[in-house]
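Peer 1: heads up, no residue letters with this:
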């Protein structure tokens, strides 16, 4: 009886481990609970590794040795598979090459509102020589202050903002998403369709006024909280639709990892026709949230994406000791041949 129970528990545990290791195979990557666990794939891998050690220690008892060894084996396989997946996406590499005349550097940083000062944003952007800056949870006033500071540092920027619930005074900063674009890229305007995009938190679609240049999208999808799960799925699908087969650069807080996007790509791309820059350049497993824990245990939910008009040359995750609960991500794009 006990042996049969042990076999049953091991089989059930193996099934759970398989789902958590590769949920998209079971089409469960956007399901409540599983979506949250797989977001922290690094922590999940670490958890399986710890459990493997625990079961190996329990195997010292002859009475449960068979059960403990079987459970340990499942944990080891799950940890290895998860670790390989993370390794293929990249455990972290600062691979920003020298910037060329036609290179475009894109920075995204969910600033958590007033948690990050305009001075910190401006100094980081100038140090990274950013041409496009997506700032979820950043007000228009803060964006204008950032632009003024960057202008004083000989790095002028135009400011664009998309805001929800503007009739409510002193609403949360999360109701605004600010996008800064270098004048070197030309004049841009946020189109009206932006207001009908992501459901709870705003995303901004900026189009080149003269039609020459990339469409730039500053993205902010709602977090997959139980009460917002349907809106989260809608937001990801809508963002994927903005990555059309053309010249698009999208950056922001997607509140989703590559696992959650697995069925949203077209033609081998990661989301719509866009490719994820971090995973293409060795940073796909580096968690950008929360900034309070090591990168490899966190969730890589902040992304820069681009269509095949661009060659993704490098990326870097910028870790700040204070301020936002998100890390900044900087990517260099070069025109494709």
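Peer 2: Looks like it arrived, so ask away. Keep in mind the model is a prediction, meaning the values are calculated, not measured.
Peer 1: got a list of what the closest residue in space to residue 198 that isn't next to it in sequence touches?
Peer 2: Spatially, and ignoring its direct neighbours in sequence, residue 198 is nearest to residue 235 (4.4 Å; CB to CB, 6 or more residues apart in numbering). For glycine as for every other residue, the C-beta is placed from the backbone atoms N, C-alpha and C. By CB atoms under 8 Å, 6 or more residues apart in numbering, the contact list for residue 235 reads 197, 198, 199, 200, 203, 221, 222, 255.
Peer 1: Check pLDDT for these and point me to the minimum.
Peer 2: Of all those, residue 197 carries the smallest pLDDT score, 90.
Peer 1: burial count for that one?
Peer 2: Residue 197 has 23 neighbours, counted by other CB atoms under 10 Å.
Peer 1: For it, grab phi and psi.
Peer 2: phi -100, psi -110 (degrees, to the nearest 10).
Peer 1: gap between the spatially closest residue to it that is not a sequence neighbour and residue 50?
Peer 2: Closest residue in space to residue 197, ignoring its immediate chain neighbours: residue 203 at 4.9 Å, by CB to CB, 6+ apart. Using CB to CB, to the nearest Å, residue 203 is found at 38 Å from residue 50.
Peer 1: Who has more neighbours out of those two?
Peer 2: Taking neighbours as other CB under 10 Å, residue 203 and residue 50 compare with residue 203 leading, 27 against 12.
Peer 1: ok, the more buried one - contacts?
Peer 2: Listed by CB under 8 Å, 6+ apart, the contact set of residue 203 reads 162, 177, 194, 197, 217, 218, 219, 220, 221, 235, 239, 252.
Peer 1: Strands of the stretch 151-300 of the chain, start to end?
Peer 2: For the stretch 151-300 of the chain, the strands defined by DSSP state E, counting those that start in this stretch cover 158-163, 176-181, 188-190, 204-208, 215-220, 248-253, 275-276.
Peer 1: And the contacts of the shortest one?
Peer 2: This means strand 275-276. Strand 275-276 has contacts (CB under 8 Å, 6+ apart) with 258, 261, 269, 270, 284, 303, 304, 305, 306, 307, 308, 312.
Peer 1: Give the helix, strand or coil label for residue 47.
Peer 2: Classification of residue 47 using DSSP: H, G, I helix; E, B strand; the rest coil returns helix.
Peer 1: no no, residue 43
Peer 2: Per three-state DSSP, the secondary structure class of residue 43 is helix.
Peer 1: right, and residue 3 touches residue 66 too?
Peer 2: Yes: Residue 3 lies in contact with residue 66 (CB atoms under 8 Å); the separation is 7.5 Å.
Peer 1: Between these two, point out the one with more neighbours.
Peer 2: Higher neighbour count among residue 3 and residue 66: residue 66, with 14 against 9, using other CB under 10 Å.
Peer 1: Good, wrapping up.
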